[in-house]
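**Student:** build the 3D model from these lines:
(chains A and B)
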2 protein chains.
Amino acid sequence: MERSLRARPAVRDALEPKAGRDTVRRHNLSLVLRAVRESGEITRAGVSARVGLTRAAISSLVEQLLDGGFLSESGKSFSGQAGRPGTVLKVARTGLAGLGVEINVDYVAVCVVDLAGTDRVRLVEYLDNRGAPPGRVLRRAAHIAARAMSSAAEQELSPAGAALALPGLVSAGTVRQAPNLGWTRTAAEEPFAAALAALRPGLPVLPVRSENEANLAALAELWFGGLGGIRTFLQLTGEIGIGGALVLNGELLRGAHGFAGEIGHVSAVPDGPGCRCGGRGCLELYAGQSALLRAARIDDPNGATAVAELERRARAGDRPALAGLETAGVMLGRVLSGAVNLFDPAAVVLGGIYRPLAPWLIPPAAAVLGTGVVSGLWPASGSRLRASSPAADAARGAAALVVQDVLGDPLAYTARAAAG
Amino acid sequence: MERSLRARPAVRDALEPKAGRDTVRRHNLSLVLRAVRESGEITRAGVSARVGLTRAAISSLVEQLLDGGFLSESGKSFSGQAGRPGTVLKVARTGLAGLGVEINVDYVAVCVVDLAGTDRVRLVEYLDNRGAPPGRVLRRAAHIAARAMSSAAEQELSPAGAALALPGLVSAGTVRQAPNLGWTRTAAEEPFAAALAALRPGLPVLPVRSENEANLAALAELWFGGLGGIRTFLQLTGEIGIGGALVLNGELLRGAHGFAGEIGHVSAVPDGPGCRCGGRGCLELYAGQSALLRAARIDDPNGATAVAELERRARAGDRPALAGLETAGVMLGRVLSGAVNLFDPAAVVLGGIYRPLAPWLIPPAAAVLGTGVVSGLWPASGSRLRASSPAADAARGAAALVVQDVLGDPLAYTARAAAG
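**Tutor:** Purely as a prediction, here's the structure:
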């Protein structure tokens, strides 16, 4: 029964209040800031009703958030509401922001998101990172990030931190393994932070965190995508490799070591050809970007234009392209059937290159799911297998993760917001 | 960012305390009771140090728990501790208990567990429930449960409720599907409760809940097994079917509809023979009890003696038995490789009939895991694939679930404990 004991925090008896007026205020600042962010526009009275604190408490908290530059206020009033008309609060569109940097096999995407969650700057460079020394790739990414920060500064936005989205097993600032980049036990956060600092002499060093890119793409789908109320889902991100992320009740499922979701190396054909990972018949061999392009006989080294060409050919009815997509769809269906039986998600989202290719991948995958999932768990309608939202990608998810840190404890960022 | 807002409860400002002195006391009663249960024996001072409430608060809470019959007190004192020696508190060994009833394909197991988590009564009847009308099976189970309750009463134990462990998809008191029992959309809780009430005229009707048996076996492993500090694991329970349960940080992962863990119908051979479930080459067709017995040419209809015979033959080097176990081990390895890539558990536990058969299943399964799991995630040592503890089974997990309810809110059971 230790489970329950550890899971619940001790609610201290009123005999012993003490501990943490500061903590409570910090928490409440975050509560108010997030309530305003969720509402878009809201009066102080609205915030009070929403978070269940008194008007007096709200006014004091709002004042501090306005001073800190987290909120802005406009004279607009609501006549339809009870009580005297108030001014309207919004999350500030200038000041602190989040910087997201996705380093993938054939591109680097940088994104700056403001506190409201809006994409404000986006810079993508297509380049071949396969086999390049990690240090060079990270310096290049820092260069792109610095350029995006210059654009952000012109919009009076100043990132509070950066998050790196990386296509591999990421843990404690290090890429344990990113086979498609050719990285093994590679430190990522520190070299990136140092390279970025070198490009911005005299400016404060940005805190940098890192995360698996599929996980960040799934968070972006959760926060910005079209899932409606769905908060338990499985997301596949097709790239050179295939990333997977499991979201359970709105939280990333990371597993015991933080490496959950390695769906690209689940076997689709147990006695199939050997994969670099040591396994046999891995999904990636049939449904990864290289396999799809090879089947369609496209050998453009630029991934983005190659995938666009694949989509064009599929639309035109090109047989090799369609055959490759059919095979990939079947293999996706096989592996997803197992994953759905195990994890029971409310939806499966196909992102990355699978988004434009979904019209050809979903029908064969859905047919396999229809027979492969224990009956009743997966209605034949197939509406639960869907393409990701175009608004949701790993770079935006990374930037939003930084914004989430700020929203979660604005006090920790107050000096920077006021300075910025 | 709604995620965070919903995830955290509102910490109300000290300007507005009110709400929930009762709730706090209820919670603290549970906190103290669980602290005593975890410690085995502890003084009031020890409880105070452990849960972080004042001595005065603890004394008042302990008094109420002693009055309610949840705790007992002995004169034994600790001279080694600071302060005056106190009497020692323990969880009561009489009074409220949990009743667990596992209804499986070829047996019914009933277990009564006291508040300390100790198995106090166990009654198992081997019978063939396949194809029998559900009503008759549930009445039979109630009969066995009533007999176990009589034994419990002789030990002055009175179940606070019952939990049914069922081999299928269980949701809201109904078995949606239990293919190996032949049940579809079958109400279980209510008919069982009614049958039990009919056997105990004049006594209060026992509240009954139900849960998938593999989930309960996994909870039993977590609470009573030999996992040490491991709290994220995957458990397979081999029976006629194969149950699967995922435990994440000590909590069952239920998925979007409560049906997660259906590992028996994950395909091990994508183009293999058809399974009753509609899929192809499901794990159950190679590693279920029927497949293992068929391969060994054992046709004893009694599952328990048949599995014992299989174990005997394997030990004696019988070729058909060993070949069947080898195949089952390989297929388990295939499906587990996918599950480990997806879920990243710290251990995989093999329970049910796999426990005695583990010496023959684990080596081939571990070999497949060694190449099928993305490198680094699954050390070749293989110590992370292990047999379940003999102390952990679904019936005990079911009984412990009821005990957990009592420990979680003792006040709700106070009258019954005192009366019992």
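
**Student:** so the nearest residue to A:Gly241 once chain neighbours are set aside: helix, strand or coil?
**Tutor:** Once flanking residues are discounted, A:Gly241 sits nearest to A:Asn180: 4.5 Å by CB to CB, 6 or more residues apart in numbering or on different chains. Where you see a C-beta, it was placed from the backbone N, CA and C, and this is true even at glycine. Counting by DSSP: H, G, I helix; E, B strand; the rest coil, the backbone at A:Asn180 sits in coil.

**Student:** neighbours around A:Asn180, how many?
**Tutor:** Residues contacting A:Asn180 under the criterion other CB atoms under 10 Å in any protein chain shown number 22.

**Student:** before we move on, what about A:Gly75?
**Tutor:** So A:Gly75, with other CB under 10 Å, has 8 neighbours.

**Student:** kindly report the residues of the stretch 101-250 of chain A close to chain B.
**Tutor:** Neighbours of chain B within the stretch 101-250 of chain A, by CB under 8 Å from any CB of the partner chain: A:117, A:169, A:176-177, A:222-223, A:230, A:232-233, A:244, A:246, A:248, A:250.

**Student:** same deal with the stretch 301-420 of chain A?
**Tutor:** Applying CB under 8 Å from any CB, we find that the stretch 301-420 of chain A lies next to chain B at A:334-335, A:337-339, A:341-346, A:371-377, A:400, A:403-404, A:407-408.

**Student:** A:Gly173 versus A:Glu251, what's the distance?
**Tutor:** Look at A:Glu251 and A:Gly173: by CB to CB, to the nearest Å, they are 21 Å apart.

**Student:** same question, A:Asn302
**Tutor:** Distance from A:Asn302 to A:Gly173, by CB to CB: 31 Å.

**Student:** what's the single longest helix in chain A?
**Tutor:** helix A:319-343 (DSSP state H).

**Student:** state the next helix or strand along the chain beyond it.
**Tutor:** Following helix A:319-343 in sequence order, the next helix or strand is strand A:347-352 (DSSP states H and E).

**Student:** hang on, isn't A:Leu357 packed against A:Val307?
**Tutor:** Yes. Using CB atoms under 8 Å, A:Leu357 makes contact with A:Val307 at a distance of 7.4 Å.

**Student:** list the residues that are in contact with both of those two.
**Tutor:** Common neighbours of A:Leu357 and A:Val307, counting by CB atoms under 8 Å, 6 or more residues apart in numbering or on different chains, are A:Leu292.

**Student:** which among the residues of the stretch 301-420 of chain A next to chain B end up buried?
**Tutor:** Among those, those scoring as buried are A:334-335, A:337-339, A:341-346, A:371-375, A:377, A:400, A:403-404, A:407-408 (criterion: 16 or more other CB atoms under 10 Å in any protein chain shown).

**Student:** pull out the buried positions in the helix or strand containing A:Thr184.
**Tutor:** Per DSSP H and E: A:Thr184 is located in strand A:183-187. Neighbour counts over strand A:183-187 (16+ other CB under 10 Å) mark A:183, A:186-187 as buried.

**Student:** direction included, what does it pair up with?
**Tutor:** strand A:174-178 (antiparallel) (DSSP bridges).

**Student:** element containing A:Arg386?
**Tutor:** Using DSSP H and E, the element containing A:Arg386 is strand A:385-387.

**Student:** what element comes up after that strand heading to the C-terminus?
**Tutor:** Following strand A:385-387 toward the C-terminus (DSSP H and E): helix A:394-408.

**Student:** that older thread, and the residue nearest to A:Gly241, what does it touch?
**Tutor:** A:105, A:130, A:167-168, A:239-241.

**Student:** beyond the helix or strand where A:Ser158 lies, next helix or strand please.
**Tutor:** If you go by DSSP H and E, A:Ser158 is part of strand A:157-166. The C-terminal neighbour of strand A:157-166 among helices and strands, as given by DSSP H and E, is strand A:169-171.

**Student:** neighbouring strands for that next one, and are they parallel or not?
**Tutor:** Strand A:169-171 has these strand partners (DSSP bridges): strand A:174-178 (antiparallel).

**Student:** can you give the distance of the partner strand from its chain's centre?
**Tutor:** 18 Å (CA atoms, centre = their mean, to the nearest Å).
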